[in-house]
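Asker: Sequence below, structure please.
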Amino acid sequence: MEHVLTVTETEYTEDAVYLIPIEDWPHEEWVKLEDGGRMLADSDALAFVYTLEGPDSFVQLRLPKQVWPSLKKAYEDNVKAWVKGPELLELPLFPGELAFILENVPGNGNYGNTMVEAVEEAFELQ
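Answerer: Numbering: from 1, shown residues only. Below you'll find the model as predicted:
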């Protein structure tokens with residue numbers, strides 16, 4: 001089963017970025033989630049999608065353009081990433097996956113011109 005969490009705000013400290021989804025999640029299900037280790041692009045929605053995995057579920061952690069400034073800072077500072085839910089969930093693979101997608105999107109028409117331009121502008125990439 002697939003679920004969606006949309007990050008609408010972030011908190012930033014000197015060593016971490018905290019991703020805060022708008023949706024609530026049941027504690028008993030939340031504690032079963034793990035870092036899925038994949039960053040995808042949703043070109044139509046101008047969003048990155050990071051995967052979380054549970055025993056019987058796949059969760060899309062959607063990161064729309066509005067939170068990209070915090071992701072840019074996290075990328076530049078190479079800090080840890082966490083999701084704030086009923087408990088904190090560390091995403092140890094997030095920094096590497098973000099770096100990978102930021103290396104691949106610029107100039108790559110496969111993502112669509114609008115997505116490429118949005119990423120290049122938000123992350124100041126060429």
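Asker: Next, the buried residues of the longest strand anywhere in the chain.
Answerer: For the chain, the strand that runs over the most residues, judged by DSSP state E, is strand 2-13. Across strand 2-13, burial judged by 16 or more other Cβ atoms under 10 Å covers 5, 6, 7, 10. The C-beta positions use only the backbone N, C-alpha and C, and glycine is treated the same way.
Asker: mind checking pLDDT for the first one?
Answerer: Think residue 5. Reading off the confidence values, residue 5 has pLDDT 96.
Asker: and the residue of the chain positioned farthest from its centre, what element?
Answerer: In the chain, the residue that sits farthest from the middle, by Cα atoms, centre = their mean, is residue 28; the gap is 22.6 Å. Using DSSP states H and E, residue 28 maps to helix 27-30.
Asker: Where does pLDDT dip in this protein?
Answerer: Residues of the chain meeting the criterion pLDDT under 70: 1.
Asker: how about the helices in it?
Answerer: In the chain, the segments counted as helices under DSSP state H are 27-30, 68-77, 94-104, 113-122.
Asker: Among the ones you listed, which comes closest to residue 87?
Answerer: Closest approach to residue 87 among those (Cβ to Cβ): helix 27-30, 6.3 Å.
Asker: ok, back up a step: in the helix holding residue 28, what counts as buried?
Answerer: Neighbour-count burial for helix 27-30 flags 29, 30 (criterion: 16+ other Cβ under 10 Å).
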